[in-house]
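Visitor: Task: produce atomic coordinates for the following.
(one chain, ligands or ions: 3)
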Amino acid sequence: MYIVTAKEMYDIDQFSMDRVEMDGSMLMENAGREIAQRVSSMINFEQALCILVGSGNNGGDGFVIARTLLNMGYKVTVLQVVEDKKIVGHAAYHKRLYLKCDGILKQLNEINDVQEELNKEDVIVDAMIGIGVKGDLREPLYSLVNQINRLDNLVLSVDIPSGLPTDEGVADFTAVQADHTFVIGAIKQTAFIQHTAPSYGKWECSSIGFPQAAFKQLEMERKVWTKAAFQRTFPERSEYDHKGDHGKGLVIGGSSNMPGALGLTTRAALRSGAGLVTAATTDSVIKRIASFCPEATFVTVPEINGHLKYGNDIDYKGFDAVAIGIGLGREAASRPVIRHAAAAKIPLIIDGDGLTHLKADLEVLDEREEPVILTPHPGEMAMLLDLSVKDVLMRPFHYAKKFATDHGVYVVLKGAFTVITDPNGKQAVNTTGNAGLAKGGSGDVLTGIILAMIMQKQSIFEGLCNACFVHGKSADLLIQESHSQHDLLASDVIEGLSLVYRTF
Ligand SMILES: NC(=O)C1=CN([C@@H]2O[C@H](COP(=O)(O)OP(=O)(O)OC[C@H]3O[C@@H](n4cnc5c(N)ncnc54)[C@H](OP(=O)(O)O)[C@@H]3O)[C@@H](O)[C@H]2O)[C@@H](O)CC1
Ligand SMILES: Nc1ncnc2c1ncn2[C@@H]1O[C@H](COP(=O)(O)OP(=O)(O)O)[C@@H](O)[C@H]1O
Ligand SMILES: [K+]
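Guide: Ligands and ions are numbered 1, 2, ... in the order given. Take a look at the predicted model:
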């Protein structure tokens, strides 16, 4: 499922109409009919529906929805929120059809008490403005949207909640708070931004006949990583496999005050299917984590005040990938460990404190040819880019892509919606997971899963997407079956991986 900006959606639309010669009013008919079908499955014939239509094509969709539901036998009223002369083109055509089917139409400016009028309705269908919104809502829409948001009625938005921007990066807006949004053609970027996603309520996306070629011509691919994508790309094990076929991974990190993190990463990598995992850390950390991951092997690294030192004595030969930085601490003495790891000719994952050390030494990335994967949370992404966390949360797609393409690395920008970006700027969003993961240690577990996944028979990008998918899915299944978001621990997420593998 594609994730689009407004411009990309208009490009898809234009391509379908100009190159494939699809008719605009047919696309509108498809959209409206598809949504009407879905609305009808949510309501009953006793419920009164008010369809609010605006001046653009979003309003046109509203007229098709109104006609379709009317002809199915529902109680429908259209409330037109703009003057007659503003309804033009395909929308005007569909308005005519609705009126010729004896549809009831009221004008907003002829109603004395809008609040009372809306209170009479059970269901509000919001087809006032779609992706064509520009700037802050003007009156009377601004007041109307605020009134709608005070109602208890079921509110269903068409394509996007009216007033909400399509693209990331807008801080302030007034928009309909939908209970459910019926997205047309492709899901919009703001459905994955922390401060705009809640406006959509639940959402579902319907295909209205846009050809695949219309999506393929987009400059850059940006998709939701779905269950189907996981099942299509996740590699099967062959009957004759041996441990060497599933990768020999190395994890480097740990310090006296953060010993557990490396244990979580190591165990998670083993649980996720790595053939062999070796943890390189201080003697005291090894003593503390060894019983938690008995299948792992260990390499002792010299220490200074409980932190790893130098790192030039770690032998990378024979390993297929390395993850570094987990629980490492920010002591300057540990910085060379990152530099040495960067010289190893195998895929490199840099996590946690490793990212802080990397920031002081970013040029090591330019010298590498093998894949580098960075796994920042928004705070670490902000640190890498010299921005505020607010900036990153406002434009995660933009900033993750900027860093990935500027430095030729993969970026896994973690959060409620994790954005995975490849060195060319291709992006995917993982939507599995829940707030039970918002706890220390969850990221360490993810790093272990990533290490295991990138050593399996799948591309690095697919491996990263699948790692985020199973990490979140484990948390989702655990809170359905035996845990809550409150008590879920990072170590539970490791054990929950078996549920994911068995279920999917
Ligand atoms: N083939 C197609 O094209 C298909 C398109 N599809 C549908 O079309 C939608 C996009 O349609 P669109 O481009 O006509 O824009 P749309 O979202 O209706 O809004 C524009 C209107 O809003 C108004 N307005 C804007 N900002 C405002 C503000 N701040 N405050 C107040 N008013 C404001 C603006 O008024 P104006 O500024 O012109 O006075 C203008 O008239 C898309 O989301 C999908 O639903 C589907 O049917 C599939 C096929
Ligand atoms: N509300 C949430 N919904 C879904 N996933 C979440 C949520 N909060 C955190 N996560 C996931 O949990 C992990 C937290 O990683 P991170 O912040 O690095 O934690 P830590 O460093 O404490 O281990 C990430 O994979 C993130 O995507
Ligand atoms: K809308």
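Visitor: next one: the helix or strand that contains residue 66 to chain centre, how far?
Guide: Following DSSP states H and E, the helix or strand that holds residue 66 is helix 57-72. The chain centroid and the centroid of helix 57-72 are separated by 31 Å under Cα atoms, centre = their mean, to the nearest Å.
Visitor: And for stretch 430-437?
Guide: Using Cα atoms, centre = their mean, the distance from the centre of stretch 430-437 to the centre of the chain it belongs to is 10 Å.
Visitor: Kindly report the same for stretch 402-421.
Guide: A distance of 12 Å separates the C-alpha centroid of stretch 402-421 from that of its chain, computed with Cα atoms, centre = their mean.
Visitor: What ranges does the stretch 151-300 of the chain have for its strands?
Guide: Under the criterion DSSP state E, counting those that start in this stretch, the stretch 151-300 of the chain carries strands at the ranges 154-158, 180-184, 187-188, 202-206, 222-225, 248-253, 276-281, 297-300.
Visitor: for those, which one sits closest to residue 342?
Guide: Nearest to residue 342 among those is strand 248-253; the distance by Cβ to Cβ comes to 11.6 Å. Every residue, glycine included, has its C-beta placed from N, CA and C.
Visitor: what about the helix holding residue 66, average pLDDT?
Guide: Averaged across helix 57-72, pLDDT comes to 98.
Visitor: which residues are contacting the helix or strand that comes right after that helix?
Guide: In the C-terminal direction, the helix or strand that comes right after helix 57-72 (DSSP H and E) is strand 75-80. Contact with strand 75-80 is made by 45, 47-53, 59, 62-63, 66, 69-70, 87, 98, 103-108, 111, 117, 121, as judged by Cβ atoms under 8 Å, 6 or more residues apart in numbering.
Visitor: Looking at these, which are in helices?
Guide: Assigned to helices by DSSP state H, the following of those qualify: 59, 62-63, 66, 69-70, 98, 117.
Visitor: filter these by proximity to ligand 1?
Guide: Among the ones in helices among the contacts of strand 75-80, proximity to ligand 1 is found for residue 59 (Cβ under 6 Å from any ligand atom).
Visitor: Just send the ones in helices among the contacts of strand 75-80 back as TSV, with distance to ligand 3 and neighbour count too.
Guide: Formatted as TSV, the ones in helices among the contacts of strand 75-80 follow (distance: Cβ to the ion, whole Å; neighbours: other Cβ atoms under 10 Å):
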residue	distance to ligand 3	neighbour count
59	9	28
62	8	31
63	13	29
66	14	30
69	16	24
70	20	21
98	17	26
117	19	16
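Visitor: Which one of the ones in helices among the contacts of strand 75-80 is nearest to residue 296?
Guide: If you rank the ones in helices among the contacts of strand 75-80 by distance to residue 296 using Cβ to Cβ, residue 62 comes first, at 59.5 Å.
Visitor: Relative to residue 182, how far out is the closest residue to the closest one other than its chain neighbours?
Guide: Using Cβ to Cβ, 6 or more residues apart in numbering and skipping the chain neighbours, the partner closest in space to residue 62 is residue 127 (2.7 Å). When Cβ to Cβ, to the nearest Å is the yardstick, residue 127 and residue 182 sit 10 Å from each other.
Visitor: who touches both of these two?
Guide: residue 158.
Visitor: near ligand 1, which residues of the stretch 151-300 of the chain?
Guide: Along the stretch 151-300 of the chain, the residues adjacent to ligand 1 under the rule Cβ under 6 Å from any ligand atom are 158-159, 184, 208.
Visitor: who wins for most neighbours among the residues you listed?
Guide: If you count neighbours using other Cβ atoms under 10 Å, the busiest of those is residue 158, which has 32 neighbours.
Visitor: how about the spatially closest residue to residue 274 that is not a sequence neighbour, secondary structure?
Guide: The shortest distance from residue 274 to any non-neighbouring residue, by Cβ to Cβ, 6+ apart, is to residue 452 (4.0 Å). Assigned by DSSP: H, G, I helix; E, B strand; the rest coil, the conformation of residue 452 is helix.
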